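A.B. asks: Sequence first, then the predicted structure:
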Amino acid sequence: MPAIRLRGRRFHVATDDFFFPGVFAVFLRLVWMALTSVVIYFFTKQKDNCQNTGDILTIYLYGALGLTGFVGIFDATIAYVSSLGTLTSTHRRRSIPTLLAVRAVLSLPEVGWLVLGTVWAFRKSLHGDCPSRDLLLVRTAVISAWIVYGVFGAVAVCIFDWLGTSSVLRRSDSSRGLPASPSSSTPSLEIREANWHRACSILCCTSCRPKEKHNPDFSATVLAVSKIFAMFFSGSVDIVPSDIGAGMVLLSQVQGEQLKRNKHERIQSSGPAAVYSPCTAWRNTGSNGEHEYPSTNLGEMSLRNPANREAYEQVIHFMKFAMGPYGWPLFVFERLLTGSCRLIPHCRCCACLQSTDTVVEGDCLMSHCNTAAALSWTGLSYDDIVFATYDDSVMMRLPYFVAIDDSRHSIVVSVRGTMSLKDALTDMDTNARTVPTEGHSGFMAHDGILKSAERIKADIDEHDWIERAFEKARCRSPNHTYDLVFVGHSLGAGACSLLALLYRAKYPDLRCFAYSPPGGLVNGVCRQYTTEFTVSVVLGDDVVPRLSLPAMETLREDLLSAVSQSTYSKPRIFTFACCSACCPAWCCGNHLNVDPCSASDCLSAADHGQARMNNPERPLLEQQVLRGPGQSHQALCNTDSSTSASAMFSDGGGDGGRVIANEPDRGREVFYANYNLFPPGRILHLTESDDTSSCWSDPQWVLNWVPVDGMRTIRVSSKMGEHHLPNKVKRALEVAYNSS
């Protein structure tokens, strides 16, 4: 940081972003010089074969070799200078813009020389009767050079800031010494909304069907997402994407040190754990026919308890149903070598289904491969499927199926998670809207997911799929009582949670298992109500259950704190990240010593959530975030606790940028107040055990009931995306069960 500007336009690169590209460019030039040397070696032996053009080719080859070597030395110089200093200390890199300008001038003779070689290689009148071997080598070298220049041109287009820049600098950022953008390039909020709307529309037009443009849900969703992006990215300091990546690496080290520092205190703390009321989602039927409930105390869940173990078996069992709607792509991805062969026994064509009452829509006509994958995951047969749809051609229409599970005496409604750009837009439509429930008021939920749930409910009610399933189950097993169970993963977990909420009045004994649900789904009052029938399962550092706009704002502040106090260069940070990603055990004892909050009592929101286990007197659910938007770890340590997020904005000038003033930013404060949403139900968190030491062995997992505050801070790690994959969640659940 700050970003480099060329002729008044901003690019998404800083002066310390040229180390790795420079090293890579030097490597490519060495390879190209080796190839040119081979051409020169063979050509000089048979120079006389090229009549009247041998001298021209010789001059071109030697000139290209010398020019490539000189420019390679210049690229190495740029890479070295770019590695100097730290993230915020740019003084030692002040010559980078000048070096880049000189490098741009050197590109002119390179391109001219390359044009000369291209003309000679592809005009038959010039190369005459040269041997085809020499001609092929020259053409290969020329084409390779054009490809390299094409890649550089594409990168230049990608790093150009098409949305403009923002010069709004917060007081907390200016106090860290972080740069702001020039005020002359600051677009208004309306312009940024228009830019984001145009960008989202262009992106969707490349992947969505033409009829989606006329879908009112699609247009409204794109507009809502554009407003959210415009508001969230307003007021940013002058940073580039690589600064965010470096900050993520630093913040992962900070959070790791904080967890280690507070682990001993949590273990030694005493006091009775808070206890939940009985949850119908974990209902077991004892030998006497009465309902038994496993322990849901905050803290570790022991599978040595028979009731806990039986309840946990339900989690593993219904996870297979949550994977079913993903169809054949997930099944083949999980089994790359044998997946297709395993689907063949379950594949059927439409004519084969006419003899059954199973209804399947939107599947492969000749094989029903998606339904075959669902049957392979769940172990069901076609007769167990009452209805299945895989049609996602319309915005906010999620694939789902209704099935009969005789092994658990349940009617299962399973909803698919995110698998397309339209699903991603649904995820990002985070506006809060009132849930239309009977007998309850004040329930608010994620607008995009609520619309998807209402669309599924309308389809189910129109055809009475659930009632048909109950009727079919009673005909098969008249002596058993069947329960209604909603399951889903990711976006499907959010949709099934809201479906359970909408159907609770009609089916009071229903249950819901939400695997990796969205973090910003329901408000506090609604979440408290869902604890009676919903269990959310979260694996490790999964980012989705922690993802909400207030959490992202907090992450932003933590990143800026880590970046501003870092004493390391960006190349060193990324080198450490690559080593730790290959195998964390190699980096033991070689951590980046960065801690933006040195006070021993400074806890992140996640630490406060874990500490809640040890203090049952604190309310189970606080209606506000422990650390408000805009309040970083540094702010927690160095500012008065009464200072609100809105008080961290100040007025005045600063380093060429405009700083927002003493009066609170009412628009941003109201903006985040409307997005203070939580994951549904009670949260069963699988955390990685400290006993895991090998890079290649499966980690061991510990089961913990955690409060909702434990999901209020995004955990930055290399596995924050991997832990969201449904096959990883299923595998972790099985490992935890087998190791207990």
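C.D. replies: Right, received. Where do you want to start? Residues are numbered from 1 along each chain as shown.

A.B. asks: quick one: the helices in the stretch 451-600 of the chain?
C.D. replies: Here the stretch 451-600 of the chain has its helices, by DSSP state H, counting those that start in this stretch, at 465-476, 491-503, 524-530, 549-564, 570-582.

A.B. asks: Buried deepest among those, which one?
C.D. replies: Greatest average neighbour count among these goes to helix 491-503 (a mean of 29), per mean count of other Cβ atoms under 10 Å. The C-beta positions use only the backbone N, C-alpha and C, and glycine is treated the same way.

A.B. asks: Give me the mean pLDDT for it.
C.D. replies: On average, the pLDDT along helix 491-503 is 95.

A.B. asks: and if you look at stretch 109-129?
C.D. replies: Mean predicted lDDT for stretch 109-129 stands at 76.

A.B. asks: That stretch: which residues count as buried?
C.D. replies: For stretch 109-129, a neighbour-count test (16 or more other Cβ atoms under 10 Å) marks Glu110, Trp113, Leu114, Leu116, Gly117, Thr118, Trp120, Ala121, His127 as buried.

A.B. asks: now stretch 390-404
C.D. replies: By neighbour count on 16+ other Cβ under 10 Å, the buried set for stretch 390-404 is Tyr390, Asp392, Met395, Met396, Arg397, Leu398, Pro399, Tyr400, Phe401, Val402, Ala403, Ile404.

A.B. asks: Lowest pLDDT pick from those residues?
C.D. replies: Ranking the buried residues of stretch 390-404 by pLDDT, Met395 lands last with 78.

A.B. asks: Now do the SS call for that residue.
C.D. replies: When classified by DSSP: H, G, I helix; E, B strand; the rest coil, Met395 comes out as coil.

A.B. asks: Then Leu703?
C.D. replies: Three-state call for Leu703 (three-state DSSP): strand.

A.B. asks: who's in contact with it?
C.D. replies: By Cβ atoms under 8 Å, 6 or more residues apart in numbering, the contact set of Leu703 is Glu300, Met301, Leu303, Tyr312, Leu684, His685, Leu686, Ala736.

A.B. asks: per-residue confidence for the residue nearest to the second one when sequence neighbours are not counted?
C.D. replies: Spelled out, it's Met301. Nearest residue to Met301, sequence neighbours excluded (Cβ to Cβ, 6 or more residues apart in numbering): Leu703, at 4.1 Å. Turning to Leu703, the model gives it a pLDDT of 92.

A.B. asks: Please apply the same query to Asn49.
C.D. replies: pLDDT, Asn49: 60.

A.B. asks: re earlier: now the helices of the stretch 451-600 of the chain in a markdown table, please, with extra columns for distance to Ser452.
C.D. replies: Output for the helices of the stretch 451-600 of the chain, formatted as a markdown table (distance: least, Cβ to Cβ, whole Å):
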| stretch | distance to Ser452 |
| --- | --- |
| helix 465-476 | 16 |
| helix 491-503 | 5 |
| helix 524-530 | 17 |
| helix 549-564 | 19 |
| helix 570-582 | 35 |
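
A.B. asks: for those, which one sits closest to Phe74?
C.D. replies: For the helices of the stretch 451-600 of the chain, the distance to Phe74 is smallest for helix 570-582, at 18.5 Å, taking Cβ to Cβ.

A.B. asks: Alpha carbons of the closest one, as CSV, please.
C.D. replies: C-alpha atoms of helix 570-582 as CSV (Å, rounded to 0.1, in the frame of the first residue of the first chain):
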residue,chain,number,x,y,z
LYS,A,570,4.9,-8.9,2.0
PRO,A,571,7.2,-11.5,0.2
ARG,A,572,8.2,-12.9,3.6
ILE,A,573,4.6,-13.1,4.7
PHE,A,574,3.5,-14.9,1.6
THR,A,575,6.5,-17.3,1.7
PHE,A,576,5.5,-18.2,5.2
ALA,A,577,1.9,-18.7,4.1
CYS,A,578,3.0,-21.1,1.3
CYS,A,579,5.2,-23.1,3.7
SER,A,580,2.4,-23.4,6.3
ALA,A,581,-0.1,-24.4,3.7
CYS,A,582,2.1,-27.2,2.5
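
A.B. asks: circling back to that earlier point, closest one to His91 out of the contacts of Leu703, please.
C.D. replies: Nearest to His91 among these, with distances taken as Cβ to Cβ, is His685, at 45.2 Å.

A.B. asks: Please, which helix or strand holds Ser219?
C.D. replies: helix 216-232 (DSSP states H and E).

A.B. asks: If we go by neighbour counts, what in that helix is buried?
C.D. replies: When burial is assessed from 16+ other Cβ under 10 Å, helix 216-232 yields the following buried residues: 217-218, 220-232.

A.B. asks: Return the member of those residues nearest to Ile460.
C.D. replies: Proximity of the buried residues of helix 216-232 to Ile460 (Cβ to Cβ) peaks at Asp217, which lies at 18.7 Å.

A.B. asks: before we move on, back to that, reformat the buried residues of stretch 109-129 as CSV; add secondary structure and distance to His446.
C.D. replies: Shown next, in CSV, are the buried residues of stretch 109-129 (DSSP: H, G, I helix; E, B strand; the rest coil; distance: Cβ to Cβ, whole Å):
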residue, secondary structure, distance to His446
Glu110, helix, 53
Trp113, helix, 58
Leu114, helix, 54
Leu116, helix, 60
Gly117, helix, 58
Thr118, helix, 55
Trp120, helix, 63
Ala121, helix, 59
His127, helix, 65
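
A.B. asks: For these, give me TSV that also has distance to Pro571.
C.D. replies: As requested, the buried residues of stretch 109-129 are arranged in TSV below (distance: Cβ to Cβ, whole Å):
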residue	distance to Pro571
Glu110	26
Trp113	31
Leu114	30
Leu116	36
Gly117	34
Thr118	35
Trp120	40
Ala121	38
His127	44
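
A.B. asks: what's the farthest-apart pair in the residues you listed?
C.D. replies: Distances among these were taken as Cβ to Cβ; the most separated pair is Glu110 and His127, at 21.6 Å.

A.B. asks: Leu686 is in contact with Asp541, isn't it?
C.D. replies: No. Contact criterion Cβ atoms under 8 Å: Leu686 and Asp541 do not qualify, at 10.5 Å.

A.B. asks: ok so, going back, for Asn479, state which of the buried residues of helix 216-232 is nearest.
C.D. replies: Asp217 (44.8 Å).

A.B. asks: Local confidence estimate at Val92?
C.D. replies: Wrong residue type there; residue 92 is Arg, not Val. On pLDDT, Arg92 comes in at 89.

A.B. asks: So it sits against Thr86, correct?
C.D. replies: No. Judged on Cβ under 8 Å, Arg92 makes no contact with Thr86 at a distance of 9.1 Å.

A.B. asks: neighbours of Asp75, just the number please.
C.D. replies: Residues near Asp75, counting by other Cβ atoms under 10 Å, number 23.

A.B. asks: Same question for the one 3 residues further on.
C.D. replies: For Ile78, the count of nearby residues is 22 (other Cβ under 10 Å).

A.B. asks: how much does the one helix or strand it maps to deviate in direction from helix 570-582?
C.D. replies: Assigned by DSSP H and E, Ile78 belongs to helix 54-82. If you take axes from the mean of the first three to the mean of the last three Cα atoms, to 10 degrees, helix 54-82 sits at 90 degrees to helix 570-582.
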